[in-house]
Structures are given as C-alpha cells and as structure tokens.
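Asker: make a model of this:
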Amino acid sequence: MFNTWNGLLKSDLTGDKESFEDKLDVLNNELLKEYPHLDTLNKYIIYLLDNDFFKESMEGCYNNHQQKLKKIKEELRTIVTRKKKFKAELREAYYKINSVSLSDSENIRVSPESASSRTYLENFIGHYSNEKFRNDFDVSPLKKILDDIYAEVTSTGFSEKYLEDLHGELSSELKLKKCSEVIKNGRLKEILVELLKKGFMKKDLALNSKSQIPSFDSQLQKLADMIHRSTSKWTVIVSINGVELKDKNVHKIGKVAFYDKNTYDYSKLIDAHNAPFYKTEEDKNKAKGRIINFLKDKIIVEAEVDAYGENGAKESGFLEISRAIDVLSLWKSDVTIKEPEFEEICEFIMLNREIGMFYSWNNDPRHMKKVKLGKDAKDFLKNFNLIFNKPYNKFTELEKNVTIALHWYRKGNVSVYPPDKFLNYIIALESLLTTGEDRGGRKQEIISDRAIEVIWILDAYREKYKDKIKKMYDYRSKIVHEGSTDIFNLEDKAKELGKIIEMALLSVAGQIAECVTLEKFLEYNKKEMDKKRKDELEKTKNLGIEINKKIKGEGMLKKKSGEDVGKIDFIFCIKDDKKFVMTEGNIYDFKSIERVSLSLSDEFIIEGKLENIEGKLVVKEMGFSDIVFKLFDIHHKKEMRFHVYSFDITKPPKVASRT
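Answerer: Numbering: from 1, shown residues only. Got it, this is the predicted structure:
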C-alpha cells in the first residue's frame, strides 16, 4: 500500500465522487439555460440512472428519486424520438425545395452539398426542432430532483460518512485479502482525492520513510487520523503596495479585506502571540514589536481561508489575494499592483484563530540572491555572443527561436500565478522547437518527440517523458480553451516544465553558431548522439568490457577529498539502448565502514578492480539513486545503485620479455 499510496500522489488524482459532481454541474448548467438542449438532458438522465457511485454510495437518495428519474427519462425519450423524426422530415423537405432551380436573375442559390451549407442547415434544423419540442417538456421536476441530489453529495455529513465507509471497506479488504488490487487501489485513490478536496495538500498526505516502509497498521491509522481531522480557519496577513483606500477604512473583495494603515487592529495579532518557541518574555516582546513595525504605515491585506495546515493556508490565502488583484487590475488597467508574495522582500503572517499560533516568513529568495558576473558567467554566455552582436533582422532561424524562447522562459520564471507560469513555459518550448511549417494537430507529437531528442533522454525513460510532455499540452488546452485555473498541482507541473525548457535551451543554444535552422540543428543533434554512442562503444571495446554484461568488482568507496569511506563489493555494467551508452553500478556489500563524517553535499569516487578485467578502475564521477546518503544508512543498506558519469581503467605497463 505504501508504494501505491505514494505513486497515486504523484499522479493527477480524480475520483468517482468528483466525476459525479462534475456531471451534475453540466446537467445543472444546461437546466439554467433559457433553451436547454433536450438531447443533453436525455443523455445525462441516462447517466444518472446508470451511475454506480449514485447507486451504491448514495443508495438512499438514488432509491428516493429512481422512479421519478425513470419517468422523466421515458418522457424525454419519447420527445427526443419525435424530435429526431421531425428533423429528418425537415431536412428532406429542404432538399426537395432546393432541387427546384431558381431563376438566373435571383442568383442566390447555395449548393446544399457544400460544407458551409450543410453546417448552416444542421444548426438551423437542430435549433428549430429543439425549440419546437422544448415546450413539451417541463424542466421544473428535474431541477427539483437535481437540487436534492446536489445538496446531499456536497454536504459535509455525506463527505464524512463517505470517507468513513471507504476507509472501513479498504481496511477489511486489505486485511482479508478478498478483493482485487484494482478495487483496493481505487478505494485508496478515492480517499486521497476526498482528503485533498477537504483541504490537505499532497505534502501533508505523503508517506515519508527514510529507513523502512511504515507498517501496514500505521498506514491505515494515518489514513484514519486524516479522515477524522478537520480543517482550521486561517488568516493570511500581508502588506501591499499600489493600493490606497478612499472614503473608508476597510474595503472587502470576496474573502480578502484591505485595511487602512492607521486603523488596522494590531491587538488581535499581539494577543494571539503565544508561540512556544520563544525562550523568554523579552524574546516574545521583541517579536511583538517586530509585528507592529512590519505592518506600520502600510495598507494591510487579510485573506480568510479554511485549510489543514500552514502550507495549505499560505497557498489558498495568496490565491485569494491574487484573485482580488486580478479584479483591481481590470478596474484600473493603467496601474500595476504587484503580488505581495513576490515583492523584493515579503513578510507575512499566518494566524490560526483556533489554536492562537502564527508564523512569519521572509519570502521569495529569488530577490535575495544576486547574479554574480564573473568568469563563470562569461564562459556561460559565450554561446549567446552571436545574438548579442547582431540586429534582430539579421538573425538566423535558430537564433530567433532561441531569443524568443529565452524571453518566454524568463517570463515563466517571474510569473506569480501557476497558470501564467505554465503557459509562458509552453510558449517557450514551442518557440524553441517548432517553425512556421509545423502547423496542425500534430504539434503536440512533434514537440514531445523533439524535446526528448534534444535533452537526450535515455530509452528507459523516453515514453515516460513523451507522455509527460503530451500531458502538458492537455493542461495547456484546459487553460487556453476552457479558461481553467484550478488544475491540480499545477505549480509543480510548471516547475517540471521549466526544467525541461531549461535543458532544451542549453542544448540548442550550444549550436547556434554551427546551425542556422532548427532542421539543421536536429540533424546535427542526431549525428552527435550517434557519434557519442560510437565513441563510448569503441572505448568499451578497447577496455575489453562486454556490453550489457554485469561484472563483479571490489574496491574502496572514497570521498572526492580522498578520505576512505569503506571497502565494498559492487556490480559494474555498461549498457547500450541503441541510442545512448550508459554505465551503471550497484553496491551490494559494505565490508567495512570507516568512521568518517558524511553529508548530503559530499561527492564520491570508487577505486578498485573488475573481475577478469585487467587494470585499476577509477569511477571519477558518480551519482547515487538514493537521495539520502548518511553513515547510518550505509551500515543498514543491503544495496545502493549508482550511475557512472566518468570512469577510467588504467592498465599496468607491459614488461618487455627477455629473449
């Protein structure tokens, strides 16, 4: 369950209850229209009657309305059948009329076979027939039923009982082992979805274990604890620039309140200040003074939110403030209001009104750091010298691609709102990896293929990355075409997309001097991949190592500084996936561990020898698959996998034979 649980949290979670609520929303929106479409109503009533969630999880509600819905379904089916027949007859009559030639002088006849004519005809017939038969159906009984269903499925009482039932079913199924893995995983997913909707964040739900997988009972207990835990009421408090109050001391926009600097009530914060981490009363008083100074002479913004913990409260609070700023930007489009969270220095307070605790941060470390211009920066910028030293109208195609992509990449970096960040990164990726010739529906496929080629993704991960980039385009469509701003975990997805465009930009920019077009770069990139593979295969052949064969080795694990960590036995293997050659290893025995101080920043090498391979092996650059790498872990590890980025095998000099 541990692996499934953590695996689900990395995916885009949607649940049966959530899907059912979405369908109810569609049906409700149709009923709110002045002219609801009868075919749509018919489709969704059939869905309601056949939906397993409605039948099983809302059994009482389903039984109450089943007969009424069936009666409405029969009534609608009769009307829709008559409507379809009427549409067919109307269509046939239209073609008969059009078969009669109009006089040349009228010259207005449109071919009934043309695409535009057919579309116009179908739209007209559909609208006219729906309007003609709509009066035969009274929508009020269906509205009443829908209101009742919606009220129950969205009620707090139903959600709590639903979670309790799911947890009970999952517990018994896991203990008795009487259910399929698919059903068990489905129950767990549904629980996690409901907890996320309740106010938890993925980081709150994650099962973390550095040493061993938590016990089965502890996993079930953690689920039970979260199910019974309720959210708290939080207030996110921050100062804002670019806003002033007129005629009143407080102005409210939704859940956000703007307070005048001279009338803000500081006492509620001071009184709530009972944080246990202050050692003395003097420390506490200093903190109180800091609060007053922090808020002094500024417009104060408060956002009221419900959340499980401070992470969720912070995210929800700043989202509410961002929405208020969006509206104010429309009110005064010639004024720029910065998001408080992304000011150069942002201090904000998180007040939990139930337990009287609050938290304060200095935020946005991007403003705290500085870009250091030195030799390293000069070396890095060499690839871009061509762009700096010629006018834009003289740029090659590839230089334009890189320049435009750089601009949108930076826009993505500084964007505050996750959808803005995500869209800017998508534009950057498109600008870099497509040209005017790459039009049409295949753009998603083209970009995903090119991206994994450009950033040199190993074969084992190619499909995963390809699907990931394609999925990014699905999110793009939701944002652009549906105006969606609530895609789950979009901030993390945007960061991941930003990393992909960063790697792609570095790869392409490295060749703008040699390649004038994107096509030439893609050809060059493929040749470079082939050359790299051939060089690695040749090196392997010269060393006498067989490709894809696991070779045992023994030696010493060392810190790069030279300190011995311990003697080890390991497996060494050079793999060829027909695109790249890579070297992997696996330490399977730590014979002795020296008492040296290790940290996460340490880098390591291996010195030793391989079985049946002449010479001394030195692994010069390596990376462990395990992120946590400490002395305690080494003592208790059975094995540790690692990737080899650079190695040498130094063969002993040959001794001349005596003759």
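
Asker: which residue is nearest the middle of this protein?
Answerer: K493 (2.7 Å; Cα atoms, centre = their mean).

Asker: tell me what the helix or strand where that residue lies is packed against?
Answerer: Secondary structure from DSSP states H and E places K493 in helix 490-509. Under the contact criterion of 3 or more Cβ pairs under 8 Å, 6 or more residues apart in numbering; DSSP states H and E, helix 490-509 touches helix 397-414, helix 418-433, helix 443-454, helix 459-482. (Each C-beta comes from the backbone N, C-alpha and C, glycine too.)

Asker: after it, next one along is what?
Answerer: helix 518-543.

Asker: hey, what's the angle from that following helix to helix 490-509? Just curious.
Answerer: 80 degrees (axes from the mean of the first three to the mean of the last three Cα atoms, to 10 degrees).

Asker: helix 518-543 vs helix 397-414, what angle?
Answerer: Interaxial angle of helix 518-543 relative to helix 397-414 (the same axes, to 10 degrees): 90 degrees.

Asker: in the helix holding K493, which residues are buried?
Answerer: Across helix 490-509, burial judged by 16 or more other Cβ atoms under 10 Å covers 490, 493-494, 497-498, 500-502, 504-505, 507-509.

Asker: outside of it, which residues touch it?
Answerer: Helix 490-509 has contacts (Cβ atoms under 8 Å, 6 or more residues apart in numbering) with 383-384, 398, 401-402, 405-406, 409, 412-413, 418-419, 421-422, 425-426, 428-429, 432-433, 451, 454-456, 468-469, 472, 475, 487, 521, 525.

Asker: just give me the longest helix of this structure.
Answerer: The helix that spans the most residues within the chain, counting by DSSP state H, is helix 59-98.

Asker: which helices and strands sit right next to that one?
Answerer: Checking 3+ Cβ pairs under 8 Å, 6+ apart, helix 59-98 ends up next to helix 38-50, helix 52-56, helix 115-134, helix 140-153.

Asker: for those, which one sits closest to K394?
Answerer: helix 115-134 (44.1 Å; Cβ to Cβ).

Asker: what ranges do the strands span in the stretch 501-650 of the chain?
Answerer: 551-559, 564-576, 581-593, 604-610, 616-624, 640-650 (DSSP state E, counting those that start in this stretch).

Asker: possible to save those as JSON lines with mean neighbour count and mean pLDDT?
Answerer: JSON lines is the format used below for those (neighbours: other Cβ atoms under 10 Å; pLDDT from 0 to 100):
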{"stretch": "strand 551-559", "mean neighbour count": "18", "mean pLDDT": "91"}
{"stretch": "strand 564-576", "mean neighbour count": "19", "mean pLDDT": "90"}
{"stretch": "strand 581-593", "mean neighbour count": "16", "mean pLDDT": "84"}
{"stretch": "strand 604-610", "mean neighbour count": "18", "mean pLDDT": "92"}
{"stretch": "strand 616-624", "mean neighbour count": "16", "mean pLDDT": "87"}
{"stretch": "strand 640-650", "mean neighbour count": "15", "mean pLDDT": "87"}
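
Asker: closest to A324 out of the ones you listed?
Answerer: strand 616-624 (45.1 Å).

Asker: show the contacting residues for Y259.
Answerer: Residues in contact with Y259 (Cβ under 8 Å, 6+ apart) are 245, 249-250, 299-302.

Asker: now find how far off-centre stretch 87-98 is within its chain.
Answerer: 51 Å (Cα atoms, centre = their mean, to the nearest Å).

Asker: ok now stretch 536-549, how far from the chain's centre?
Answerer: Taking Cα atoms, centre = their mean, one finds the center of stretch 536-549 at 40 Å from the center of the full chain.

Asker: same question, stretch 83-102
Answerer: With Cα atoms, centre = their mean, you get 51 Å for stretch 83-102.

Asker: with only the CA atoms kept, save it in PDB.
Answerer: The C-alpha trace of stretch 83-102 is given here as PDB (Å, rounded to 0.1, in the frame of the first residue of the first chain):
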ATOM      1  CA  LYS A  83     -37.800  15.400 -32.500                       C
ATOM      2  CA  LYS A  84     -35.300  13.200 -34.500                       C
ATOM      3  CA  LYS A  85     -38.100  12.100 -36.800                       C
ATOM      4  CA  PHE A  86     -39.200  15.800 -37.300                       C
ATOM      5  CA  LYS A  87     -35.500  16.800 -38.000                       C
ATOM      6  CA  ALA A  88     -35.300  14.100 -40.700                       C
ATOM      7  CA  GLU A  89     -38.500  15.200 -42.400                       C
ATOM      8  CA  LEU A  90     -37.500  18.900 -42.200                       C
ATOM      9  CA  ARG A  91     -34.100  18.000 -43.800                       C
ATOM     10  CA  GLU A  92     -35.800  16.000 -46.500                       C
ATOM     11  CA  ALA A  93     -38.200  18.900 -47.300                       C
ATOM     12  CA  TYR A  94     -35.300  21.300 -47.500                       C
ATOM     13  CA  TYR A  95     -33.500  19.300 -50.200                       C
ATOM     14  CA  LYS A  96     -36.800  18.900 -52.200                       C
ATOM     15  CA  ILE A  97     -37.200  22.700 -52.200                       C
ATOM     16  CA  ASN A  98     -33.600  23.200 -53.200                       C
ATOM     17  CA  SER A  99     -33.900  20.700 -56.100                       C
ATOM     18  CA  VAL A 100     -36.200  23.300 -57.800                       C
ATOM     19  CA  SER A 101     -34.000  25.600 -59.900                       C
ATOM     20  CA  LEU A 102     -34.200  29.300 -59.100                       C
END
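
Asker: buried only: go through the contacts of helix 490-509 for me.
Answerer: Of the contacts of helix 490-509, these count as buried by 16+ other Cβ under 10 Å: 383, 398, 401-402, 405-406, 409, 412, 418-419, 421-422, 425-426, 428-429, 432-433, 451, 454-455, 468-469, 472, 475, 487, 521, 525.

Asker: how does the protein divide into domains?
Answerer: 37-138, 232-367, 375-522, 544-650 (automatic domain parsing).

Asker: could I get those domains as TSV with distance to D16?
Answerer: As requested, those are exported to TSV (distance: least, Cβ to Cβ, whole Å):
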stretch	distance to D16
domain 37-138	4
domain 232-367	22
domain 375-522	16
domain 544-650	35
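
Asker: now do the SS call for T263.
Answerer: coil (DSSP: H, G, I helix; E, B strand; the rest coil).

Asker: excluding chain neighbours, give the residue nearest to it in space.
Answerer: Distances taken as Cβ to Cβ, 6 or more residues apart in numbering put N249 closest to T263, at 4.3 Å, once the chain neighbours are dropped.

Asker: quick one, what contacts the one you found?
Answerer: N249 touches 259-260, 262-263, counting by Cβ under 8 Å, 6+ apart.

Asker: can you turn the buried part of those residues into a ChimeraX selection?
Answerer: Restricted to buried positions by 16+ other Cβ under 10 Å, the ChimeraX selection for those reads:
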select :259
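
Asker: let me know the closest of the contacts of N249 to L163.
Answerer: Taking the contacts of N249 together and measuring to L163 by Cβ to Cβ, the closest member is Y259, at 37.8 Å.

Asker: partner residues bridging that closest one?
Answerer: Taking DSSP bridges as the rule, Y259 bridges to V250, I300.

Asker: and it, how far from E310?
Answerer: The gap separating Y259 from E310 is 22 Å, by Cβ to Cβ, to the nearest Å.

Asker: returning to that earlier point: compute the inter-axis angle for the longest helix of the chain and helix 38-50.
Answerer: Orientation note: helix 59-98 sits at an angle of 150 degrees relative to helix 38-50 (the same axes, to 10 degrees).

Asker: quick one: distance of helix 59-98 to the chain centre.
Answerer: Worked out by Cα atoms, centre = their mean, helix 59-98 lies 42 Å from the chain centre.

Asker: surely A428 meets V402?
Answerer: No - with contact defined as Cβ atoms under 8 Å, A428 does not count as touching V402 (10.3 Å).

Asker: picking that back up, what's the most distant pair in the contacts of N249?
Answerer: Farthest pair in the contacts of N249 (Cβ to Cβ) is Y259 and N262. Separation: 9.4 Å.
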